[in-house]
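**Student:** I'd like to go over a predicted model; first the sequence, then the structure.
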Amino acid sequence: MRQRQDGVWYFEVNNLVPILENVIPFFERFHFLSAKKKRDFAKFVQLANLMKQGHHLTREGIEEVLRIRLTMNDSGKRRYTDGGYHGRVRESSETTRQTVFGRMI
């Protein structure tokens with residue numbers, strides 16, 4: 001449980017296992033009323049399953065996650081931009097390439 005500056009309390013889960021085992025089953029049982037929330041939840045479930053399968057560990061997987069993310073949250077409010085993620089993916093794949101090939105030489 002966390003509290004925002006305006007006094008509102010909220011429940012935060014930032015671990016994939018509780019999301020898969022608790023959060024998703026809860027919202028599958030107690031459905032959302034709005035079509036927009038239902039749509040975004042379906043995409044959230046899709047993202048969680050991609051991560052469960054390890055797709056987020058590849059460059060292609062990250063790009064797929066970002067494509068799905070782009071279609072969520074129509075209000076446009078985002079804490080992080082996609083550009084920052086794309087830069088990190090490029091950097092980490094370059095670092096991996098240098099490390100792997102560096103060891104082979």
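**Tutor:** Structure received.
**Student:** strands of the protein, start to end?
**Tutor:** 2-3, 9-10 (DSSP state E).
**Student:** got the contact list for the spatially most central residue of the chain?
**Tutor:** Centroid-nearest residue in the chain: residue 47, 6.1 Å away (criterion: Cα atoms, centre = their mean). Counting by Cβ atoms under 8 Å, 6 or more residues apart in numbering, residue 47 makes contact with 65, 68, 69. C-beta here means a position set from N, CA and C on the backbone, and glycine is covered the same way.
**Student:** how close does the last one get to residue 54?
**Tutor:** For residue 69, the distance to residue 54 under the criterion Cβ to Cβ, to the nearest Å works out to 18 Å.
**Student:** go on, the second one?
**Tutor:** In this structure, residue 68 and residue 54 are separated by 16 Å, where distance is defined by Cβ to Cβ.
**Student:** picking up where we left off before, wait, which of the strands of the chain is closest to residue 30?
**Tutor:** strand 9-10 (16.7 Å; Cβ to Cβ).
**Student:** can you give me how far the closest one is from the chain middle?
**Tutor:** Its chain's C-alpha centre and that of strand 9-10 lie 20 Å apart, by Cα atoms, centre = their mean, to the nearest Å.
**Student:** from the contact counts, what lies against that strand?
**Tutor:** With contacts taken as 3 or more Cβ pairs under 8 Å, 6 or more residues apart in numbering; DSSP states H and E, strand 9-10 sits against strand 2-3.
**Student:** so how far is the strand it packs on off the chain centroid?
**Tutor:** For strand 2-3, the distance to the chain centre is 21 Å (Cα atoms, centre = their mean).
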